[in-house]
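A.B. asks: give the three-dimensional model of this entry:
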Amino acid sequence: MRALLLDFGGVLVEGVTRPSWAAELAGEVHRRLIGAGCTELGAADAEIDIRAGVAADKCWKDAMSRPRAPRELTHREFWSDFVAADWPEAARAVVTAEATALCKRMGELRQHCELRPGIPELLAACRARQVPVAVVSNARCGVVHRDFLAARGVEVAQQVYSDEAGVRKPNPEMIWIATRALGVDPADAWYVGDNLDRDVVCGRRAGVGMTVLMTSKSTARIPYRVRQRPTAVVDDAFALMEKLLEETWT
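C.D. replies: Residues are numbered from 1 along each chain as shown. This is a model prediction of the structure:
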């Protein structure tokens, strides 16, 4: 094994949804609309549509676990079509123009995240053995993840996020972007994710040497049955590190 690829949510970090996130974001959106002279839409209306957009996006993500090579929604598509499809044109134009900033703000407000136990020790073990680590993750706004890791002093060799790549797991290109950047063959890499329909399927499609399922609170949520199975299952980063240390590091 010459490289370790990790999912972000559920593997590197565990997140807790903040109950007030949608109201806070709607308030900020409403202030932007008022500042642009758009007065037809209230903050409560914006919150309803933001929540509806996120729910629709979740359904779309589940559906996109089936195609061979799914693309990712752009920030503009999310805000113009999933949130603001029925807004007055002027208001819709405002959020479409500011879609990237609003996706970033949504990511900052929506969850409180912390590193999962054992992650610092796992990364230290990889550094000691000169095994590069990359993050490969679906994300509505990867910059939020980059900022989180930077703020906590977590250094990895590469970070690949779906909104930046334009494709999303289980598209194998997500993993191949990382392995090309690291200069390793996919067969010489391990990929670790926390769900079956996106992560395990992606690892299998990409031909990685080992596809590891790390259980999290979202692992049991499977939108439909998939036939691909993980090579191994671990409960946390400590168990993953034990498995890595059993291998011959080259």
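
A.B. asks: rest of the way, CA atoms for contacts and neighbours
C.D. replies: Noted.

A.B. asks: OK, contacts around R66?
C.D. replies: If you count contacts by Cα atoms under 8 Å, 6 or more residues apart in numbering, R66 has them with D197.

A.B. asks: backbone dihedrals for it, both of them.
C.D. replies: When read as degrees, to the nearest 10, the backbone of R66 gives phi -90, psi -40.

A.B. asks: then V156?
C.D. replies: Note on V156: its backbone torsions stand at phi -130, psi 160 [degrees, to the nearest 10].

A.B. asks: state the pLDDT value of it.
C.D. replies: Model confidence at V156, given as pLDDT, is 98.

A.B. asks: got the contact list for it?
C.D. replies: Neighbour list for V156: 132-135 [criterion: Cα under 8 Å, 6+ apart].

A.B. asks: nearest to A178, of those?
C.D. replies: Nearest to A178 among the contacts of V156: A134, at 6.8 Å, using Cα to Cα.

A.B. asks: for N138, which residues are in contact?
C.D. replies: Counting by Cα under 8 Å, 6+ apart, N138 touches 161-163, 168-169.

A.B. asks: check those and tell me the two furthest apart.
C.D. replies: Largest separation among those by Cα to Cα: D163 and K169, giving 11.0 Å.

A.B. asks: looking at the two, which is more packed in?
C.D. replies: Neighbours per residue, other Cα atoms under 10 Å: of D163 and K169, the larger number sits with K169, 32 against 20.

A.B. asks: touching, that one and P67? I think so.
C.D. replies: No: K169 lies out of contact with P67 (Cα atoms under 8 Å); the separation is 9.9 Å.

A.B. asks: local confidence estimate at E247?
C.D. replies: 78.

A.B. asks: look up phi and psi at the residue nearest to G9 when sequence neighbours are not counted.
C.D. replies: Distances taken as Cα to Cα, 6 or more residues apart in numbering place G15 nearest to G9, at 7.0 Å, with adjacent residues excluded. Main-chain dihedrals, G15, degrees, to the nearest 10: phi -110, psi 150.

A.B. asks: look up how far L122 lies from G15.
C.D. replies: 19 Å (Cα to Cα, to the nearest Å).

A.B. asks: do the same with L244
C.D. replies: 9 Å.

A.B. asks: neighbour-wise, which of the two wins?
C.D. replies: Comparing L244 with L122 by other Cα under 10 Å, the one with more neighbours is L122, at 20 against 17.

A.B. asks: residues touching that one, list them.
C.D. replies: Taking Cα under 8 Å, 6+ apart, we find L122 in contact with 237-238, 240-241.

A.B. asks: and the helices in the protein, which stretches?
C.D. replies: Taking DSSP state H to define them, one finds helices in the chain at 21-35, 43-63, 75-77, 89-97, 99-110, 119-128, 142-151, 162-165, 173-182, 201-206, 237-246.

A.B. asks: I'd like those helices as a markdown table, with distance to M214 appended.
C.D. replies: Shown next, in a markdown table, are the helices of the chain (distance: least, Cα to Cα, whole Å):
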| stretch | distance to M214 |
| --- | --- |
| helix 21-35 | 27 |
| helix 43-63 | 19 |
| helix 75-77 | 29 |
| helix 89-97 | 36 |
| helix 99-110 | 23 |
| helix 119-128 | 12 |
| helix 142-151 | 19 |
| helix 162-165 | 20 |
| helix 173-182 | 17 |
| helix 201-206 | 13 |
| helix 237-246 | 8 |
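
A.B. asks: most packed of the ones you listed?
C.D. replies: Mean neighbours per residue, mean count of other Cα atoms under 10 Å, is largest over the helices of the chain for helix 201-206, with a mean of 24.

A.B. asks: what's the closest non-adjacent residue to S216?
C.D. replies: Closest to S216 by Cα to Cα, 6+ apart is G10, at 5.5 Å.
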